[in-house]
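>>> generate a structure from the sequence data that follows.
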Amino acid sequence: LTVILWHLKYKFRSMAPVVMLWLALCLSGTLAVDRGNFKTCDQSAFCKRQRALQPGQSPYRALLDTMELTHTKLTLQLINDNNKVRLLLELYRLQGNMTRVKINELKPLKPRYEVPDVLVQQPLTEPLSLLSQDENGVVLSLGGEAQRVILSARPFRLDIMEGHELLMSLNSRGLLAFEHLRTLFSLFVILPSQPKADDKVEEEKDEEGMWEETFKSHTDTKPNGPSAVSLDFSLPGVEHVYGIPEHAETLKLKTTDGGDPYRLYNLDVFQYELFNPMALYGAVPVMLAHNAQRTTGIFWLNAAETWVDISSNTAGKTVFGKMLDYVQGSNETPQTDVRWISESGIIDVFIMLGPTPYDVFSQYASLTGTQAFPPLAGLAYHQCRWNYNDQEDVQAVDAGFDQHDIPYDFIWLDIEHTDGKRYFTWDPHKFATPKDMLQGLLEKKRKMVAIVDPHIKIDSEYKIHTEIRSQGFYIKNKDGGDYEGWCWPGNAGYPDFTKPEMRAWWASMFAYDQYEGSMENLYTWNDMNEPSVFNGPEVTMHKDAVHGPWEHRDVHNLYGFYVQAATAEGLIQRSGGVERPFVLTRAFFAGSQRYGAVWTGDNAAEWDHLKISIPMCLSLSLVGISLCGADVGGFFKTPNSELLVRWYQTGAYQPFFRAHAHLDTPRREPWLFGPDNTALIREAVRQRYALLPYWYQLFYHAHRTGHPVMRPLWVEYPQDAATFAMDDQFLLGRDLLVHPVTEEGARGVTAYLPGKGEVWFDVHTFQKHNGAQDLYIPVTMSSIPVFQRGGSIIPRKLRVRRSSACMEHDPYTLFVALSQRAEGELYLDDGHTFNFDTKGEFIHRKLSFSNNILSSSNLAPAAHLSTMSWIERILILGASKPSKVTLKTAGGQDSQLEFEFDASMSVLTIRKPGMNVGEDWSVVLK
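Predicted coordinates for the structure are as follows:
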């Protein structure tokens, strides 16, 4: 109730004072999540039922005489010896060192939901071969390196081996469960292939919650009865698992023994708590497991409500305890056991066998796609609040950035910009001439984002509503009428984005002649797309709502994925397929990376929320979603100046960089906290803009390869156990290490610099430090501890402009950090179209330093792009003083260059070498 009232407080601000007083009394407590509004596992009938199963009592066995092995897959039947229901197992060996396991009912009463549209293509298979077979099971080859699958018959179990090493086991704990579809009046189901007379069939128990379930005042009817699926995985040698976002949790996932499992169920959670497994806005059912020898991944392709249990035989052991085990010769192998439980659908799991972290990233990207390549402006700074009041307010904020010499690219409008929460419209009084407003921004090479939510005001005069209703595109309730719920507009309908026709229609609404007042510099924010239903169970949609042949329970976690996909397609179509879109979403699923950006939702202006933004974005990065950020300053509550500055300094080094604030908070534009703090924020934002060339090339690589932009240290240093649970610092690409200051009143931080034999350079002072050490760094309010890896070359643009588009032709400065050699890249294109892909219009250069020669060579000879940008300066860190510096150009001309050498810091500065960034050249130090 608190959540609903809080949301509705703003909808009904004109209500009578007595009603407003009642609302205020209801809301007078602490503004934090009411955990009673959201289910625990014990309150979720299927989770409670499945969790009650005991390990080691699996009723499932494989019927080996039903096995068929074709060129592409193995199939065989499994039978539940308790109820004689048969399942169909399909086993695939996929290209790229992956295995797919599907389990469905052999003959369900009706089809069970299989997730569409998430996979970018039907995965390519490779042949399986039979190595051996007897009455106990079969052994299949998975190809090279002695990889094989051992299928045991009684009880059914799969073991994946490499040589003598067991990599992963399925159903080793006997927790496979598959609740078959049935009718309410059947005591049990006898399949057409009836059991023999002497086969005993156990009567199915009709447990509470199997056919109907009530939570608070909401009743969920289940016409198909119980339909949950579950499977356990054992990971020998593994103590560290990651992923399954979204949770406000540490990077390394905790064990769930004695508490709730991690929940994956997209929900509008009001001011979420930290360090617990409650569900949040998005769900990516992907887990990575890592030890010093191997990285593996599990992708559980199911869009229903899902719970994930984690247990470990080393959980709770202290470092001393582990040392004692070692001294005493304990031979217990560390092991993590994971169990996935979903309410409906089938078991469809992809096992990614690595063996390196980058192999797992590539494997997952081959299944669900890579991060959308954002327009360059999307990687710059975004200014937002709920809400900028009117066009004059927008103009004043825009002018404030110029007055205080702080760059920004996007200003954002929240729900109050619309005409009565009717999306695709503008308030006729506050935003009467939106094109004038957008044109004013365009003339400064700036842009705007406006919110478009997927709940549609029910109003017979509102075109969007009438067209959706007339075409039958709304989700239906269980009785066949249009599903209605409360959200920002009051009574609202919810479009059925699972329908391709609905998505196509939605996309068409972004055309300039449909979305009145829109222009090419207007982009989109999809909020509330879990979907949020203020008066629904757990502030979301009833599970027995209907999407064509499917219940909402089957598709729930896909809803936000489809909304963002349709919106991104609309922005692409409006430009004739030329311009890259920018779309921010709150709800997401596996594959959402293909459509834009994600943020961590309604956080708070608290130090712990600043800290948690790092592991939350790292977890998203590990499962393909690189364009992640948190509301700078915190959405709820009011940050003091120290917290706000530290948040800007942290956000400047996270992928999506946006300040945002709640309607009830005081204004917090960067210049409102005194000149000293304005200067600190200005410097943080300018550091972001200087690094935009590096950010952009990282996102180009993420788009091409699926490799994350923001990385835990263990990704680059997979054998360094000191990094495995580290989540207060991170890498950007390979070459920048960032340890933000996230403690109140901090006078110093201790950063871990990885890599024995490596060196790291402080990017501010150019001081050189050895790797494989904990480095104490004294800090002041201006400090942002960032280090460049020795052996790398990073391009920057150092001229201060008002936006990223104003920097297009600016020159570059190359920062060469030596460790004997150095390598780097420089990538550029037009910054906003698909021409890099469709027409090969880009420049991609390899930069290398070796034997005292710094050179630039072409990584993409077939590509073409002309640019006015040139190399303005080269800084070589860790250098020796040369006697002469010579530039050699592609035309064979030599010219001597001016340089300065700082002997105290071993920094060589070469000024105005002047070569075009698209040309071949070399700089020789003699």
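>>> give me the residue ranges of the stretch 1-150 of the chain where confidence is low.
In the predicted model, the stretch 1-150 of the chain carries pLDDT under 70 at residues 1-31, 144-145.
>>> confirm that Ala565 sits in a strand.
No - secondary structure assignment (DSSP: H, G, I helix; E, B strand; the rest coil) places Ala565 in helix, not in a strand.
>>> quick check: it touching Met502?
No - with contacts counted by C-beta atoms under 8 Å, Ala565 stays clear of Met502, the gap being 11.5 Å. C-beta here means a position set from N, CA and C on the backbone, and glycine is covered the same way.
>>> and the strands in the stretch 651-800 of the chain?
Per DSSP state E, counting those that start in this stretch, the stretch 651-800 of the chain carries strands over the ranges 657-659, 710-711, 730-732, 736-738, 748-753, 759-762, 768-770, 773-778, 786-789, 792-796.
>>> distance to Val452, mean pLDDT and mean neighbour count added to these, as CSV?
Listed next are these as CSV, based on distance: least, C-beta to C-beta, whole Å; pLDDT from 0 to 100; neighbours: other C-beta atoms under 10 Å:
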stretch, distance to Val452, mean pLDDT, mean neighbour count
strand 657-659, 17, 99, 24
strand 710-711, 27, 98, 24
strand 730-732, 31, 99, 23
strand 736-738, 33, 99, 22
strand 748-753, 41, 98, 17
strand 759-762, 44, 98, 22
strand 768-770, 48, 98, 16
strand 773-778, 44, 98, 13
strand 786-789, 36, 99, 24
strand 792-796, 35, 99, 24
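>>> which one of these lies nearest to Val338?
With C-beta to C-beta as the criterion, Val338 lies closest to strand 710-711 of the strands of the stretch 651-800 of the chain, at 22.8 Å.
>>> parallel or antiparallel, list what pairs with the closest one.
When pairing is defined by DSSP bridges, strand 710-711 lines up against strand 730-732 (antiparallel).
>>> for Lys73, give me the backbone phi and psi.
Main-chain dihedrals, Lys73, degrees, to the nearest 10: phi -160, psi 170.
>>> report the contact partners of the nearest residue to it once chain neighbours are set aside.
Distances taken as C-beta to C-beta, 6 or more residues apart in numbering place Tyr92 nearest to Lys73, at 4.8 Å, with adjacent residues excluded. Going by C-beta atoms under 8 Å, 6 or more residues apart in numbering, Tyr92 touches Thr72, Lys73, Leu74, Thr99, Arg100, Val101, Lys102, Pro123, Thr125, Leu128.
>>> how many other residues sit next to Gly163?
10 (other C-beta atoms under 10 Å).
>>> just give the closest residue to it, not the sequence neighbours.
Nearest one to Gly163, counting by C-beta to C-beta, 6+ apart, is Ala146 at 4.7 Å.
>>> name all residues that make contact with the one you found.
Ala146 touches Met161, Glu162, Gly163, counting by C-beta under 8 Å, 6+ apart.
>>> what's the distance between the last one and Lys768?
Translated: Gly163. 42 Å (C-beta to C-beta, to the nearest Å).
>>> please apply the same query to the first one.
Met161 sits 46 Å away from Lys768, going by C-beta to C-beta.
>>> picking that back up, and the residue nearest to Lys73, how far from Val907?
55 Å.
>>> also Ile475?
62 Å.
>>> okay, helices next: where are they in the stretch 201-350 of the chain?
319-327 (DSSP state H, counting those that start in this stretch).
>>> for stretch 350-362, what is the distance to the chain centroid?
Distance of stretch 350-362 from the chain centroid (C-alpha atoms, centre = their mean, to the nearest Å) equals 17 Å.
>>> how about stretch 806-824?
Centre to centre, stretch against its chain (C-alpha atoms, centre = their mean), the figure for stretch 806-824 is 29 Å.
>>> in which helix or strand does the closest residue in space to Leu167 that isn't next to it in sequence reside?
Take Leu167 and drop its neighbours on the chain: the residue closest to it by C-beta to C-beta, 6+ apart is Ile160, 4.7 Å away. If you go by DSSP states H and E, Ile160 is part of strand 157-162.
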